[in-house]
Structure formats: C-alpha cells, structure tokens
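Trainee: everything below, folded, please.
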Amino acid sequence: MNDSVDLILQQWKNTKPELNCSAMGIVGRLFRIESSWKKQLETVFKQHKLSGIEFDILATLYRSQIPLTPTELYQTLMLSSGAMSTRIEALVQRQLIERISSVKDRRSCKITLTEEGKTIIDTAVTAHVANMEVLLRPLKQMERIQLTSLLKKIVLADKL
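Mentor: Numbering: from 1, shown residues only. A predicted model of the protein is given here:
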C-alpha cells in the first residue's frame, strides 16, 4: 500500500535516479504525522480549556510533585523566560497555579498548582493519554517497542 510520500519519492527517483531519497521519506512521514497529531492533541487540550503550552506547564508541575521556579519551568519546557512569565501570569489569573514567595529572597518565587489546577490537569492528562493510545492504535505492541527504541536512539544522538 502506498502513501502520499511514496509518490514524492517516485517522482524524485524519476527525476534524479542517482539520489538516494530514503531519508526524505522518513523525515517527510515524521513531519506529516507531527502535523496531523498536533491537531488531534490540541483538540483534547481545548476540551479542557488549555493550550498545548498551558497543558505542558500544568503537567510539569503535576508530575514534579513539588513547586518549581519559573526558571526550572522554562528550562524544562524550552521556552524563553519572557514567554514563561506571560504564561504563568495567565494561569495565575485563571487560578490554576499560584506563586509562593521565597522567605529568603523577595524577588524569587516558586510555582505550584492550585486545587483547581490539580483537578483540571488530572482530568486532562487522563484524556491526553487515551488520545495518544488512539493515535498509536495502528501499531502492535512489539512495533511500539521498536519505534520507541529507534526514536530514542535519534534523540540521544541529537541530544534533544
């Protein structure tokens, strides 16, 4: 069975037969999957009135189980400090997180989930995992294990 990337690869083979485009096929398929999956993931976040980055912030605080500094959050999520400050303020305004001032340094704070934030992220992460199971439904368990291993190998090589 052929997919849309197969057509592109065949066109390249016809146009430039000496060029091995197999890498183009892998990367092209990954980009197409990423684009499709991102939309499906965002649908679940929106059902919980969250953006993808808001979900990530709340999920990071939830799984960490301890308050984190804004710096720890933005380093974990690979955001700029300015972008993190804006997101934190929006989540504080929505009463999903709160700032805890440092007793040692008044300029410093830690971020923690409110009870409402815990409730929302607990429900959202459960729906998110169920959604990801649907996305991976075409793969058998052994294929998932193989894919995990291969993707991890690339991540480690690129130090992502």
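
Trainee: care to break this structure down by domain?
Mentor: 1-47, 50-158 (automatic domain parsing).

Trainee: tell me the most buried of these?
Mentor: Ranked by mean neighbour count, the domains of the chain are led by domain 50-158 with a mean of 14 (mean count of other Cβ atoms under 10 Å). Every residue, glycine included, has its C-beta placed from N, CA and C.

Trainee: what about it, how long is it end to end?
Mentor: This stretch, domain 50-158, spans 30 Å end to end (Cα to Cα, to the nearest Å).

Trainee: pLDDT averaged over that domain - what is it?
Mentor: Taken as a whole, domain 50-158 has an average pLDDT of 92.

Trainee: centre of the chain to that domain, how far?
Mentor: In terms of Cα atoms, centre = their mean, to the nearest Å, the centre of domain 50-158 is found 8 Å from the chain centre.

Trainee: what's the helix or strand containing Ala157 in contact with?
Mentor: Assigned by DSSP states H and E, Ala157 belongs to helix 141-158. With Cβ atoms under 8 Å, 6 or more residues apart in numbering as the test, helix 141-158 has contacts from Leu136, Leu139.

Trainee: stretch 83-102 now?
Mentor: Residues contacting stretch 83-102 (Cβ under 8 Å, 6+ apart): 53-54, 57-58, 61, 67, 70, 73-74, 77, 79, 108-114, 116-117, 120.

Trainee: which residue ranges of this structure form strands?
Mentor: 97-101, 109-113 (DSSP state E).

Trainee: in JSON lines: those strands, plus distance to Ile26.
Mentor: JSON lines is the format used below for the strands of the chain (distance: least, Cβ to Cβ, whole Å):
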{"stretch": "strand 97-101", "distance to Ile26": "39"}
{"stretch": "strand 109-113", "distance to Ile26": "39"}
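
Trainee: wait, Thr71 sits on Ser80?
Mentor: No: the criterion here is Cβ atoms under 8 Å, and Thr71 misses it with Ser80 at 11.4 Å.

Trainee: any idea how far Cys109 is from Glu89?
Mentor: 12 Å (Cβ to Cβ, to the nearest Å).

Trainee: ditto for Pro138
Mentor: Separation of Pro138 from Glu89 (Cβ to Cβ) stands at 41 Å.

Trainee: ok, now Ile66?
Mentor: Note on Ile66: its distance to Glu89, by Cβ to Cβ, is 21 Å.

Trainee: do Arg137 as well
Mentor: From Arg137 across to Glu89, the span is 38 Å (Cβ to Cβ).
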